[in-house]
Structures are given as C-alpha cells and as structure tokens.
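Novice: after the sequence you'll find the predicted model.
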Amino acid sequence: MIDYSKFKKSLLQLQWQHANWQNLDKRPHLSGLDKEAIAESVIQRFETCYDCIWKVLKRHLNEKLGLPDLPNSPKPIFRIAADNQLLINSDAQWLIYAEARVQTAHDYDGLKAASTLALMPTFVADAVALYQTLTGESWV
C-alpha cells in the first residue's frame, strides 16, 4: 500500500505558506527580512513537495501500474506519468517545475526566487490534481 500522507502534508504546508506570502502586502509591519524569510520558506516547501511528489509517483507507477525498472530521477518519472495519463498538464509543465527545483536548490537569488514563486499557483493546482488522481480522494 502506498502512503500518500507525506505528499498531502507537504502540499498543505506549501499552500499555507504560499497564501502567507501572497498576503504580505496586507502586513506592512513585517520587515524586509521577514518578507524574504517567508518567500524563502515558500521555495523550500516547494522543493520538499516536488521531491515528495516524484518519489510517490514512482511508487505509484511501480505498485499500481506494475511498471518495473523505473528510473531514479524525477524528469523521466514525470514523462512516464504523462504517458500513463496521470498528469492534467503535459510533462512539459512538470519539466518546468523540475528546472525551477534545480535552479533553487542552492541559490535563492532574486530572479530565480521570483520566477519560482510565480510558478506556485500552477504548481499547487497541478499537484492537487495529481494527488486526487493518485488517491481518488477529494482535496481538503
């Protein structure tokens, strides 16, 4: 049996922190450092969620669809998932997320952070859809 709880928890935490980041303008009392820390937290939660997703997706492909000898890397896992109609968006969109994940792994410079933060609404929507597809559950 596949445990989807880490996927769900990481996605919920990303949603909450992203909402926190989106509401920064309503909190003028926060310092620039506080706002930067919240943005960095969104990126870290994205990284955690992304990593959790491709690993649970690999298990799903193996255990539920019976696909053996899967690669141990996210990009081919998303391609295989797309080939098996598990993604609502094309694998090309997930490869954009993969590139953002690689770009932010060790560098939160302003431009990379801003481009990653801009992806969050689409990423969250795609991740929710994937969660629902894999689990058959409604999102919270």
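Specialist: Received the coordinates, thanks. Note that this is a predicted model, so its numbers are computed, not measured.

Novice: leaving out chain neighbours, which residue sits closest to the most centrally placed residue in the chain?
Specialist: In the chain, the centroid-proximal residue (Cα atoms, centre = their mean) is residue 50; its distance is 3.6 Å. What sits nearest to residue 50 in space, not counting adjacent residues and going by Cβ to Cβ, 6 or more residues apart in numbering, is residue 101, at 4.9 Å. Placement of C-beta: from N, CA and C, glycine included.

Novice: residue 39 and residue 62, how far apart?
Specialist: For residue 39, the distance to residue 62 equals 36 Å [Cβ to Cβ, to the nearest Å].

Novice: which of those two has more neighbours?
Specialist: residue 39 (21 against 14; other Cβ atoms under 10 Å).

Novice: just for this structure, where's the confidence low?
Specialist: Confidence mapping of the chain against pLDDT under 70 gives the ranges 106-109.

Novice: which one in it is furthest away from the centre?
Specialist: Largest centre distance within the chain, by Cα atoms, centre = their mean: residue 29, 29.7 Å.
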